[in-house]
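Student: only geometry, no sequence info:
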């Protein structure tokens, strides 16, 4: 390989290294932008996680309150049952009192009227207790449906919370990989820059060597010419002597 060819190859190497360094720098810039986007995404995920935790606590508290409401409804149902039992007992006592009043004849007529009114009140109380009991049964059924829905919602919130946690971890992993890629790309760009500088120095040295070789070649040509001239003079000198 001639000096000129070597110089050409060094220049091609320097150009390739420069291009590679530019590509690495672009890769570093793009990776940095992607890392920033991943960081922003991670912040959004963290904010979502915080909101999910608040929602989880709210749903959990609401489920507990709904469960407590169910217990209170059960207590009310017991009181209504007691009222119904008392109304039935009152009705029975009023009936017995009316029978006794009827047996007493004229002396028990006033008491019979009172007994009948008591029976009417007992019947109304008993009917009201039944109506309230029916309403309580409907409320109990609805509250149980609400409790079931709350339980399902709580499970969904937990599942969503876990998924968001996993997403946050993946964003963190992606950001770490991109940060590493940025560092590596910048390192490659720096190495290419140094190699390009070294190639430039090599090219300069090759050019110097080429100039030196040309100078030596020129000097060799001069020496060859001098040797030829000297050879001619020696030949003439020998001819004159003879």
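Tutor: Arrived safely, thanks for sending. As the structure is a prediction and not an experimental result, all values here were calculated from the model.
Student: Go through stretch 174-181 and flag the buried ones.
Tutor: For stretch 174-181, burial by neighbour count (16 or more other C-beta atoms under 10 Å) applies to 174, 175, 178, 179, 181. The C-beta positions use only the backbone N, C-alpha and C, and glycine is treated the same way.
Student: Make TSV from those and add secondary structure to it.
Tutor: Output for the buried residues of stretch 174-181, formatted as TSV (DSSP: H, G, I helix; E, B strand; the rest coil):
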residue	secondary structure
174	helix
175	helix
178	helix
179	helix
181	helix
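Student: can you list these in JSON lines and add pLDDT and distance to residue 102?
Tutor: Formatted as JSON lines, the buried residues of stretch 174-181 follow (pLDDT from 0 to 100; distance: C-beta to C-beta, whole Å):
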{"residue": "174", "pLDDT": "78", "distance to residue 102": "93"}
{"residue": "175", "pLDDT": "78", "distance to residue 102": "94"}
{"residue": "178", "pLDDT": "76", "distance to residue 102": "99"}
{"residue": "179", "pLDDT": "79", "distance to residue 102": "100"}
{"residue": "181", "pLDDT": "75", "distance to residue 102": "104"}
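Student: Let me have these in CSV, extended by distance to residue 43.
Tutor: Compiled in CSV, the buried residues of stretch 174-181 are given as follows (distance: C-beta to C-beta, whole Å):
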residue, distance to residue 43
174, 13
175, 11
178, 15
179, 15
181, 20
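Student: Out of those, the closest to residue 164 would be?
Tutor: Using C-beta to C-beta, residue 174 comes nearest to residue 164 of those, at 15.3 Å.
Student: element containing the closest residue to that closest one other than its chain neighbours?
Tutor: Nearest residue to residue 174 in three dimensions, chain neighbours excluded: residue 38, at 4.9 Å (C-beta to C-beta, 6 or more residues apart in numbering). Assigned by DSSP states H and E, residue 38 belongs to helix 3-104.
Student: So which elements touch that helix?
Tutor: For helix 3-104, the elements it packs on are helix 109-241, judged by 3 or more C-beta pairs under 8 Å, 6 or more residues apart in numbering; DSSP states H and E.
Student: So the residue nearest to residue 174 sits against residue 178, correct?
Tutor: Yes. Residue 38 is within contact range of residue 178, at 6.0 Å (criterion: C-beta atoms under 8 Å).
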